[in-house]
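# need a structure here:
(2 chains)
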There are 2 protein chains.
Amino acid sequence: VTTHVPLGGGREFELVRRLLAVWGPQATGVGDDAATLDVPPNTQLVVSTDTSVEDVHFRRTWLTPEEIGWRATAAALSDLAAMGATPLGLVWAAVIPARWADSLDEMAIGVGAAARFAGCAIVGGDLSKGESLTLTVTVFGTAERPLRRGGAQPGDAVWVTGTLGAPARALAAWEHGGRPTDKDRSRFARPMPRVAQGLAAARAGATAAIDVSDGLVQDVGHIAAASGVRVVLQLDQLPLVLGADPLPAAASGEEYELVLTAPPSVDLAAALPSGVPVTRIGHVEVGGGVVTRLGGHVVEVVPGHDHFSRL
Amino acid sequence: VTTHVPLGGGREFELVRRLLAVWGPQATGVGDDAATLDVPPNTQLVVSTDTSVEDVHFRRTWLTPEEIGWRATAAALSDLAAMGATPLGLVWAAVIPARWADSLDEMAIGVGAAARFAGCAIVGGDLSKGESLTLTVTVFGTAERPLRRGGAQPGDAVWVTGTLGAPARALAAWEHGGRPTDKDRSRFARPMPRVAQGLAAARAGATAAIDVSDGLVQDVGHIAAASGVRVVLQLDQLPLVLGADPLPAAASGEEYELVLTAPPSVDLAAALPSGVPVTRIGHVEVGGGVVTRLGGHVVEVVPGHDHFSRL
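Numbering: from 1, shown residues only, chains lettered A, B, ... in the order given. Next up is the predicted model:
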């Protein structure tokens, strides 16, 4: 049941009314000082926040406003997916420069579409003006048994969802003044939060998970560090988009695919929903760090980008 | 118990480590894809998000970095206070321009101090670089019976916490090229989220609440609209900071005091914690809108500022 509290006057409230018209019954309970939600018993609350800034995380010429909204929302939902959580709701804080004001509805359509894909309500937000378009999406979900980074055990297999390499290729094309293929561009612009996959993996007995935001090897490094184990990745086995090379694909960020570990007895390819490939790409052993092997040799993967590297 | 997951490499993680050192045991469970929290049974989750942007919500010359962190956090916690909620945790998403990088620790100290004041853990965040300093604080709490805007009933009394008028005076001084008094400046720079007051009011039987962020009259208008009632405010009875006039005080934003309605049988002045004044300033009747009276006459209060008015 959608119960909007009547809103008072003011320019911001006109904008909020417009957004509520865009979202329809997807937006629930907006209009009080805070949103209220029911949390199912015997679950833990899972919360994550993610910011997208124009000219840091994307450029205006790369994405439509709808894609900007989708991408910011999908990136936040991807963190819930990596926890094996069921999305409950999100709040959207947007800083909207005057030059973007006419695109607000389109951005909201993208936010709504990504939220709908993940079964997530929109329960509140905050609108500010400012110089740089900045979207902060905070998502909360619930999990009976959250999937953490620290649960990987020696002997576990390592799996990854989807196919890798497209976002890095799209970014490289843009950065060299070219245009990515439609397929590569679409993988960067509309990442799919793997919510159903994360939930199924948690139920099937996965031991750890992370989403690939900075690059496969770099993100797997967090599992290795948190679990106190070594992860060995066989780059020959990486599921790649057509024509991609394994080394750049292993450093490609913005993938929002899930890396999962599970005991060798658990066949995640069979346990996860069909339609998205799930590929075994390595194993966990005693030790530390990440070892990457290709063609029988140990190779080094140059880390993907770090949004904060130039601070 | 504080359980930090070991973090992997990268510049952002060095900064996160620094923040964790600043916050100590106040920061819990940071380092996974998302934070996990226990929600007490028979409570509702209450969520709100609030953004502060440099040169929109404050100027660099007005506030210290610690005050910027305090203020952004207190503004978000104030929304929980207005719901009668008990804070559970917050996530902090910060866009930090290079010129602000050296002030990150000080800002974090301010975030931590405001969170500690409200008994709120820091459970996660996101750091980005960007052109404009932008702090988005998302808070979540729990309430057995959330205080909403829509519960005011004809016959209720209207109450306000604290004293009004200082932030408007501080802003006016700055905008005319002057300097506010230390007291006025401090009320703008370090607003106190009225968490204990909101919780006590909910328990005592308050029917509706809102925090004063846009100005008393404008915010009371939201209670009137949401409750389908008229609110009559006696501006002669407003609790004012020394030397303030009631008309500008009734339009002064950024106060972060609570306006509460309660049946006439409930003495909120007695029910709320001592130390902060709680003053009866009007009543609720059948009708709509807000009527402001001063010296026996109906007067008009010019609305406070609207951050979004220039979009």
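# any idea where the helices of the stretch 101-250 of chain A begin and end?
Chain-ordered helices for the stretch 101-250 of chain A, with DSSP state H, counting those that start in this stretch as the definition, fall at A:104-117, A:166-175, A:182-189, A:195-204, A:216-227, A:246-250.
# nearest to B:Gly221, of these?
Between B:Gly221 and the helices of the stretch 101-250 of chain A, the shortest gap by Cβ to Cβ is with helix A:104-117, which sits at 23.7 Å. Every C-beta, even on glycine, is put in place using the N, C-alpha and C of the backbone.
# I figured A:Glu257 hits A:Ala166, correct?
No: the pair A:Glu257 / A:Ala166 is not scored as a contact, 10.5 Å apart, by Cβ atoms under 8 Å.
# Any residues of the stretch 101-250 of chain A in contact with chain B? List them.
A:101, A:123-132, A:134, A:136, A:138-141, A:143, A:146, A:148-150, A:209-211, A:214, A:218-219, A:221-222, A:224-226, A:228 (Cβ under 8 Å from any Cβ of the partner chain).
# out of those, which are buried?
A:123-132, A:134, A:136, A:138-141, A:143, A:146, A:148-150, A:209-211, A:214, A:218-219, A:221-222, A:224-226 (16 or more other Cβ atoms under 10 Å in any protein chain shown).
# Pull the number of nearby residues for A:Arg11.
15 (other Cβ atoms under 10 Å in any protein chain shown).
# Let's see the pLDDT reported for the closest residue in space to A:Pro246 that isn't next to it in sequence.
Closest residue in space to A:Pro246, ignoring its immediate chain neighbours: A:Leu235 at 4.1 Å, by Cβ to Cβ, 6 or more residues apart in numbering or on different chains. Reading off the per-residue confidence, A:Leu235 sits at a pLDDT of 97.
# Hmm, A:Leu235 is touching A:Val290, no?
No: the pair formed by A:Leu235 and A:Val290 falls short of the contact definition of Cβ under 8 Å, at 11.1 Å.
# Between the two, point out the one with more neighbours.
For A:Leu235 versus A:Val290, neighbours defined as other Cβ under 10 Å are more numerous around A:Val290 (24 against 21).
# And the more buried one, how close does it get to chain B?
Between A:Val290 and chain B the distance, using Cβ to the nearest Cβ, to the nearest Å, works out to 9 Å.
# residue contacts, the nearest residue to A:Val266 once chain neighbours are set aside?
Once flanking residues are discounted, A:Val266 sits nearest to A:Gly205: 4.8 Å by Cβ to Cβ, 6+ apart. If a contact means Cβ atoms under 8 Å, 6 or more residues apart in numbering or on different chains, then A:Gly205 has A:Ala262, A:Pro263, A:Val266 as its contacts.
# What of A:Ser252?
Applying Cβ under 8 Å, 6+ apart, one finds that A:Ser252 lies in contact with A:Leu164, A:Gly165, A:Ala166, A:Pro167, A:Ala168, A:Arg169, A:Val212, A:Gly215, A:Leu216, A:Gly304.
# Does the third one touch A:Leu240 like I think?
Right, A:Ala166. No: applying Cβ under 8 Å as the test, A:Ala166 and A:Leu240 come out as separate, 9.2 Å apart.
# the more surrounded of these two?
A:Ala166 (27 against 19).
# For that one, give me its contacts.
A:Lys183, A:Asp184, A:Arg187, A:Phe188, A:Val241, A:Ala244, A:Ser252, A:Glu255 are the contacts of A:Ala166 under Cβ under 8 Å, 6+ apart.
# Just send the residues you listed back as a markdown table, with pLDDT and distance to B:Gly177 too.
Formatted as a markdown table, the entries for the contacts of A:Ala166 read as follows, by pLDDT from 0 to 100; distance: Cβ to Cβ, whole Å:
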| residue | pLDDT | distance to B:Gly177 |
| --- | --- | --- |
| A:Lys183 | 95 | 57 |
| A:Asp184 | 96 | 53 |
| A:Arg187 | 96 | 52 |
| A:Phe188 | 95 | 47 |
| A:Val241 | 96 | 58 |
| A:Ala244 | 94 | 59 |
| A:Ser252 | 93 | 52 |
| A:Glu255 | 96 | 51 |
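# and which of the residues you listed is nearest chain B?
Lowest distance from chain B to the contacts of A:Ala166 (Cβ to the nearest Cβ) belongs to A:Glu255, with 14.0 Å.
# isn't the closest one right up against A:Leu164?
Yes: because the distance of 5.8 Å satisfies Cβ under 8 Å, A:Glu255 is recorded as touching A:Leu164.
# Give the intersection of the neighbour lists for the two.
Common neighbours of A:Glu255 and A:Leu164 (Cβ under 8 Å, 6+ apart) are A:Val212, A:Leu216.
# quick one on the thing from earlier: quick one, what contacts the residue nearest to A:Pro246?
If you count contacts by Cβ under 8 Å, 6+ apart, then A:Leu235 has A:Pro246, A:Leu247, A:Ala250, A:Ile281, A:Thr292, A:Arg293, A:Leu294, A:Val299, A:Val301 around it.
# Ranking by neighbours, what's the top pick from these?
Most neighbours among these, by other Cβ under 10 Å: A:Ala250, with 28 neighbours.
# just the buried members of the contacts of A:Gly205?
Using 16+ other Cβ under 10 Å, the buried ones in these are A:Ala262, A:Val266.
# Turn the contacts of A:Gly205 into JSON lines, including secondary structure, distance to A:Ala85 and pLDDT.
Output for the contacts of A:Gly205, formatted as JSON lines (DSSP: H, G, I helix; E, B strand; the rest coil; distance: Cβ to Cβ, whole Å; pLDDT from 0 to 100):
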{"residue": "A:Ala262", "secondary structure": "strand", "distance to A:Ala85": "17", "pLDDT": "98"}
{"residue": "A:Pro263", "secondary structure": "coil", "distance to A:Ala85": "21", "pLDDT": "98"}
{"residue": "A:Val266", "secondary structure": "coil", "distance to A:Ala85": "19", "pLDDT": "98"}
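# I'd like to know which of the contacts of A:Gly205 is nearest to B:Ala35.
A:Ala262 (23.4 Å).
# Which per-residue confidence value corresponds to the closest residue to that closest one other than its chain neighbours?
Of all residues beyond its chain neighbours, the one nearest A:Ala262 is A:Ala206 (4.5 Å), with distances taken as Cβ to Cβ, 6+ apart. At A:Ala206 the predicted local confidence, pLDDT, stands at 98.
# Would you check how far apart A:Ala206 and chain B are?
With distances taken as Cβ to the nearest Cβ, A:Ala206 is found 13 Å from chain B.
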